[in-house]
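Participant: Quick check, what structure comes out for this input:
(one chain, ligands or ions: 1)
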Amino acid sequence: GWNMEDVMEKEIEVIKSTVGPDDHVICALSGGVDSTVAATLVHKAIGERLHCVFVDNGLLRYKERERVMETFERDLHLPVTCVDATEKFLGELKGVEDPEIKRKIIGKEFINIFDNFAHDLEKKLGTKPTYLVQGTLYPDVIESCPPPGSGRTHSHTIKSHHNVGGLPKDMKLKLIEPLKLLFKDEVRELGKILNVPEGFLKRHPFPGPGLAVRVLGDVTKNNALEILRQVDEIFIQSIKDAGLYDSIWQAFAVFLPVRSVGVQGDQRTHSHVVALRAVTSQDGMTADWYHFEHKFLDDVARKICNNVRGVNRVVQDITSKPPSTIEWE
Ligand code: XMP
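Facilitator: A predicted model of the protein is given here:
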């Protein structure tokens, strides 16, 4: 292993000598570990000439925007513009049921918003930003043999990323990828040195299209996003309370666009069904469903039906990957 203190110092030197004194740098923060650590590193090197944007696409989890913005601002002092594009995204997604079309719409809308951010910034600064920071990791860059001179010798299984491909091509930004020789665990270690809060570094992966891939079908119908946020929060909080969060690769709830009959407080109900999914995995390529204790599941299901209006049934996903994928869409 490498000494992450050395890696940090070296990277900061490289960034300082690459980015000229009049250059400005932009970065899209996803709220995930990689982009956060990359931006923090660049910020340490060039300070206020870094300009970050975080987009609320309306598909984030319970209080997620507030929570990540607090980490960016209070813990990391990153200069971040938060763009609330909820209405734009949900407007474009209205009536759309096909999973691939949903993803395409979200990707395209993100590019539009990022483009606007860059143009607004150009007006404000009187000059075009020249560099773009990306949190690309080693497994993302490498196919089978390490780049010459990288110091990496071992081959590694490659994860195919669905996130890439997403930025305006006519922008002609030069890339800064300070994590491109690092593995995930090394990025976490680097993050620790950079004072990224431990809880943030350990967060489960969250897909770029957000809750859109966890509401089956039209995300704007049935108050689905609101219901899903509440269910997901109860599930995740219960997992944390039980001390299980760090043993699980990903856990989340899924909103099913069907209704089932129930009986709640002497009333017949006709409400929604939610599914709970939790998996263990090394890299997301394959995964095993996580075996909770029955008592835990019993408590969670009860808590969900008692607290979330519009839900009267909870089911658990007991398939592994393959044959299922981790996400439902
Ligand atoms: P699947 O569902 O393909 O997911 O088994 C494997 C891992 O990738 C995540 N995932 C995504 N991540 N953009 C992302 O950044 C995406 O479009 C996307 N789709 C799935 C998923 O959460 C799991 O960790």
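Participant: which residues touch the residue of the chain most remote from its centre?
Facilitator: Here the chain reaches farthest from its C-alpha mean at Asp266, the gap being 41.1 Å by CA atoms, centre = their mean. Going by CB atoms under 8 Å, 6 or more residues apart in numbering, Asp266 touches no other residue. To be clear about C-beta, it is placed using only N, CA and C from the backbone, and glycine gets the same treatment.
Participant: can you tell me how far it sits from Gly191?
Facilitator: Distance of Asp266 to Gly191, computed by CB to CB, to the nearest Å: 52 Å.
Participant: Next, name the residue at the spatial heart of this protein.
Facilitator: Mean-position check on the chain, CA atoms, centre = their mean. Result Phe206 at 3.7 Å.
Participant: For that residue, list the residues it contacts.
Facilitator: With CB under 8 Å, 6+ apart, Phe206 has these contacts: Gly31, Gly32, Arg61.
Participant: Redo those as a markdown table? Include neighbour count and distance to Pro99.
Facilitator: Formatted as a markdown table, the contacts of Phe206 follow (neighbours: other CB atoms under 10 Å; distance: CB to CB, whole Å):
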| residue | neighbour count | distance to Pro99 |
| --- | --- | --- |
| Gly31 | 22 | 22 |
| Gly32 | 18 | 21 |
| Arg61 | 21 | 19 |
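Participant: What is the nearest of those residues to the ligand?
Facilitator: Gly32 (7.8 Å; CB to the nearest ligand atom).
Participant: any idea how far the closest residue to the closest one other than its chain neighbours lies from the ligand?
Facilitator: Nearest non-adjacent residue to Gly32, counting by CB to CB, 6 or more residues apart in numbering: Phe206, 6.5 Å away. Separation of Phe206 from the ligand (CB to the nearest ligand atom, to the nearest Å) stands at 7 Å.
Participant: Where is the longest helix in the chain?
Facilitator: Determined from DSSP state H, the single longest helix within the chain is helix 99-125.
Participant: Convert the C-alpha atoms of the lowest-mean-pLDDT helix or strand in the chain to PDB, please.
Facilitator: In the chain, the helix or strand scored least confidently by mean pLDDT, DSSP states H and E is helix 138-141, which has a mean of 86. Provided in PDB are the C-alpha atoms of helix 138-141 (Å, rounded to 0.1, in the frame of the first residue of the first chain):
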ATOM      1  CA  TYR A 138      -8.300   3.400 -10.900                       C
ATOM      2  CA  PRO A 139     -10.700   0.600 -11.700                       C
ATOM      3  CA  ASP A 140     -12.600   3.000 -14.000                       C
ATOM      4  CA  VAL A 141      -9.600   3.900 -16.100                       C
END
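Participant: Which elements pack onto the following helix or strand past it?
Facilitator: Once the chain leaves helix 138-141, the next helix or strand it forms, by DSSP states H and E, is strand 174-176. Judged by 3 or more CB pairs under 8 Å, 6 or more residues apart in numbering; DSSP states H and E, strand 174-176 is in contact with strand 131-133.
Participant: Show me which residues of the stretch 201-329 of the chain sit near the ligand.
Facilitator: Within the stretch 201-329 of the chain, the positions adjacent to the ligand are Pro205, Pro207, Gly208, Pro209, Gln250, Gly284, Lys321, Thr325, Ile326, Glu327 by CB under 6 Å from any ligand atom.
Participant: Contact partners for the nearest residue to the second one once chain neighbours are set aside?
Facilitator: On the basis of CB to CB, 6+ apart, the spatially nearest residue to Pro207 that is not a chain neighbour turns out to be Val213, at 5.6 Å. Taking CB under 8 Å, 6+ apart as the definition of contact, the neighbours of Val213 are Pro99, Lys102, Arg103, Pro207, Glu327, Trp328, Glu329.
Participant: Mind putting the residues you listed into a markdown table with pLDDT?
Facilitator: Listed next are the contacts of Val213 as a markdown table, based on pLDDT from 0 to 100:
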| residue | pLDDT |
| --- | --- |
| Pro99 | 97 |
| Lys102 | 98 |
| Arg103 | 97 |
| Pro207 | 96 |
| Glu327 | 98 |
| Trp328 | 98 |
| Glu329 | 97 |
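Participant: Now for those residues: which two are most distant?
Facilitator: Using CB to CB, the contacts of Val213 span at most 13.0 Å, a distance reached by Arg103 and Trp328.
Participant: Can you pull out the low-pLDDT segments for the stretch 51-200 of the chain?
Facilitator: 143-170 (pLDDT under 70).
Participant: switch to 90 and redo it
Facilitator: 139-172 (pLDDT under 90).
Participant: for the protein, what spans make up the strands?
Facilitator: Ranges of strands within the chain are 25-29, 50-56, 80-84, 131-133, 174-176, 250-264, 267-280, 288-289, 311-316, based on DSSP state E.
Participant: got TSV for those, with mean neighbour count and distance to Gly107 too?
Facilitator: Converted to TSV, those look like this (neighbours: other CB atoms under 10 Å; distance: least, CB to CB, whole Å):
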stretch	mean neighbour count	distance to Gly107
strand 25-29	24	12
strand 50-56	22	12
strand 80-84	16	16
strand 131-133	22	16
strand 174-176	16	19
strand 250-264	18	21
strand 267-280	18	23
strand 288-289	15	29
strand 311-316	19	30
